[in-house]
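S.K.: structure for this input, please:
(chains A and B)
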Protein chains: 2
Amino acid sequence: MKVIQYPEAPVHVFDSHPAKGVTGRVVIGKDDGAGNFCMRIFELAPGGHTPCHTHAWEHEIFVHAGKGQVLRNGAWEDIEKANVVFIPGNEEHQFRNTGDNTLVFVCLIPAGPPEI
Amino acid sequence: MKVIQYPEAPVHVFDSHPAKGVTGRVVIGKDDGAGNFCMRIFELAPGGHTPCHTHAWEHEIFVHAGKGQVLRNGAWEDIEKANVVFIPGNEEHQFRNTGDNTLVFVCLIPAGPPEI
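M.R.: Coordinates of the predicted model:
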């Protein structure tokens, strides 16, 4: 069993175009023996955003803290703490922080693609 | 894309031995087209606990709110908001709420076992 506070995991910084103000951590992955799917945690600073992109694999997301928006079929939809977002494979998506505090979400992907 | 607040998902109540004060929701699963892994969210009332059990599949867990403990190698370890817990397959585990507020955690399992 592995028990950590998520900030203990190594941080990856994504702060150049097409991302802004994003950090990500692999908190459960292959190195832990998790062979089926991978848990990452992302933090977006106020004004920050992920890239707008599309890929073959799905995302299963839980919003832990903060307020923001997700791009859904070309329109921005509000999300906040306690929202669940499922993004099927091959669906365009992007996240941005529209609040005054850090937007924190858990984002899981299947095994296979790069873990972060 | 599916965007919900997690309490919108149908609730399952587990409040008889060997569980106490537990509710669970499948928030992303097969019915959503998620074929690789499944997201559930559990709430434990103060004093509540899950069963002590073992099964072949792993858990990837994120603690969203509250305080409690996880049974790890026969000893109780404190967990709280922002903890990540990875439980490999075939490892005994149990959760209990030791705080005054609801303990809320996200718990993912691979496809195959019952979703809840």
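
S.K.: can you name the residues of chain A sitting close to chain B?
M.R.: Residues of chain A lying near chain B by CB under 8 Å from any CB of the partner chain: A:1-7, A:9, A:27-28, A:32-34, A:36-37, A:39, A:41, A:58, A:60, A:62, A:64, A:70, A:72-73, A:77, A:79, A:82-88, A:91, A:93, A:106, A:108, A:110. To be clear about C-beta, it is placed using only N, CA and C from the backbone, and glycine gets the same treatment.

S.K.: give me the buried subset of those residues.
M.R.: For these, a burial check counting by 16 or more other CB atoms under 10 Å in any protein chain shown picks out A:1-3, A:6, A:9, A:27-28, A:32, A:34, A:36-37, A:39, A:41, A:58, A:60, A:62, A:64, A:70, A:72, A:79, A:82-87, A:93, A:106, A:108, A:110.

S.K.: the longest strand seen in chain A vs strand B:37-49, what angle?
M.R.: Across chain A, the longest stretch assigned as strand under DSSP state E is strand A:37-49. Computed by axes from the mean of the first three to the mean of the last three CA atoms, to 10 degrees, the angle separating strand A:37-49 from strand B:37-49 equals 90 degrees.

S.K.: may I see the buried residues of strand A:37-49?
M.R.: Quick answer for strand A:37-49 (16+ other CB under 10 Å): A:37-46, A:48-49.

S.K.: who are the packing partners of the helix or strand hosting residue A:61?
M.R.: Assigned by DSSP states H and E, residue A:61 falls within strand A:59-65. For strand A:59-65, the packing partners by 3 or more CB pairs under 8 Å, 6 or more residues apart in numbering or on different chains; DSSP states H and E come out as strand A:83-87, strand A:103-110, strand B:37-49, strand B:59-65.

S.K.: just to revisit the earlier point, which of the buried residues of strand A:37-49 sits closest to residue A:98?
M.R.: Nearest to residue A:98 among the buried residues of strand A:37-49, counting by CB to CB, is residue A:46 at 8.3 Å.

S.K.: got a list of what the residue lying closest to residue A:72 once chain neighbours are set aside touches?
M.R.: Sequence neighbours aside, residue B:1 is the residue nearest to residue A:72 in space, at 4.8 Å (criterion: CB to CB, 6 or more residues apart in numbering or on different chains). Contact analysis of residue B:1 by CB atoms under 8 Å, 6 or more residues apart in numbering or on different chains lists A:70, A:72-73, A:85-88, A:91, A:93.

S.K.: related to what we said a few turns ago, okay if I get the helices and strands packed on strand A:59-65 as TSV plus distance to residue B:23 and mean pLDDT?
M.R.: Output for the helices and strands packed on strand A:59-65, formatted as TSV (distance: least, CB to CB, whole Å; pLDDT from 0 to 100):
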stretch	distance to residue B:23	mean pLDDT
strand A:83-87	15	98
strand A:103-110	20	98
strand B:37-49	5	98
strand B:59-65	14	98
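
S.K.: possible to save those strands as a markdown table with distance to residue A:14?
M.R.: Formatted as a markdown table, the helices and strands packed on strand A:59-65 follow (distance: least, CB to CB, whole Å):
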| stretch | distance to residue A:14 |
| --- | --- |
| strand A:83-87 | 18 |
| strand A:103-110 | 13 |
| strand B:37-49 | 24 |
| strand B:59-65 | 20 |
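
S.K.: out of these, which is closest to residue A:21?
M.R.: strand A:103-110 (9.6 Å).

S.K.: re the thing from before, return the member of the buried residues of strand A:37-49 nearest to residue B:21.
M.R.: Looking across those and measuring by CB to CB, the closest to residue B:21 is residue A:39, at 26.0 Å.

S.K.: nothing else from me, thank you.
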